[in-house]
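[1] Let's see this in three dimensions:
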Amino acid sequence: MSRPSLHAISIGDRFGKLVVICIGLKRNHNKGASLCICDCGQQKLVQNAYLSGGRTKSCGCLSVDVARARMITHGESHTAREYAVWKEMRQRCGNPLAKSFADYGGRGITVCDRWQVYQNFLLDMGRCQIGLSINRINNDGNYEPGNCHWATNEDQANNRRSTRWFEWNGHKRNISQWGRLFGIRKSLMRYHLVERGRSIPQAAIALGVELI
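    This next block holds a predicted model:
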């Protein structure tokens with residue numbers, strides 16, 4: 001939608017994060033003002049000249065977001081873990097020469113427009129704690145807010161397409177999880193479930209484990 005002129009502001013027009021909900025109001029003895037609702041939920045009375053001129057684009061939260069981004073990235077080193085994760089994420093999704101491109105960009109996984117900017121990525125994801133890495137909740141989904149979180153290595157492994165899952169009595173677990181439940185090392189569980197092709201009850205009998 002093209003930006004409305006000063007004399008054509010209507011209910012429903014959008015200016016940045018603001019949407020006009022009432023027109024023809026006064027502000028500072030000026031009738032040319034409109035009541036707007038911001039994407040964050042706050043309402044703000046704004047002079048029409050400021051809206052159409054692009055001077056006001058939010059209730060004020062946009063300035064807060066920008067200030068926060070500057071604050072958390074002030075002095076940010078390109079050796080920081082979050083920056084390295086962000087850079088590698090964009091490489092494997094957008095660079096055909098990247099080693100892992102075939103498993104990401106090659107099968108349609110992309111990085112959303114918002115996360116093309118490092119500050120936005122850091123604002124949405126926050127700092128990465130030691131021992132965690134970025135993980136997509138939907139393994140076939142993109143890198144974007146709502147589908148990514150910092151996860152443990154086990155979470156990452158459980159989310160891989162190659163992970164084998166085995167069900168019994170309404171429970172679905174992978175080899176490592178069944179092994180921990182039985183108190184059996186992973187390699188031995190793999191031998192019974194994968195190499196011998198046994199079911200969970202059959203593996204339990206072979207291992208002398210009682211199923212509850």
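
[2] how would you label Ser10: helix, strand or coil?
    Assigned by DSSP: H, G, I helix; E, B strand; the rest coil, the conformation of Ser10 is coil.

[3] Which pLDDT value belongs to it?
    Note for Ser10: predicted pLDDT of 88.

[4] what about it, how many neighbours?
    Ser10 has 9 neighbouring residues, counting by other CB atoms under 10 Å. Using the backbone N, CA and C atoms, a C-beta is placed for each residue, glycine as well.

[5] wait, doesn't it sit right on Val20?
    Yes. Ser10 is within contact range of Val20, at 6.8 Å (criterion: CB atoms under 8 Å).

[6] Walk me through the domains of this structure.
    Listed by automatic domain parsing, the domain ranges of the chain are 14-59, 81-158, 165-207.

[7] Tabulate those domains (JSON lines), appending mean pLDDT and mean neighbour count.
    Formatted as JSON lines, the domains of the chain follow (pLDDT from 0 to 100; neighbours: other CB atoms under 10 Å):
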{"stretch": "domain 14-59", "mean pLDDT": "84", "mean neighbour count": "16"}
{"stretch": "domain 81-158", "mean pLDDT": "87", "mean neighbour count": "15"}
{"stretch": "domain 165-207", "mean pLDDT": "80", "mean neighbour count": "15"}
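
[8] so what's Phe15 closest to, chain neighbours aside?
    Computed as CB to CB, 6 or more residues apart in numbering, the closest residue to Phe15 that is not its neighbour in sequence is Leu51, at 4.6 Å.

[9] I figured the one you found was touching Arg14, is that so?
    No. Taking contacts as CB under 8 Å, Leu51 lies outside contact range of Arg14: 9.8 Å.

[10] anything in contact with each of the two?
    Common contacts of Leu51 and Arg14, defined by CB atoms under 8 Å, 6 or more residues apart in numbering, comprise Val20.
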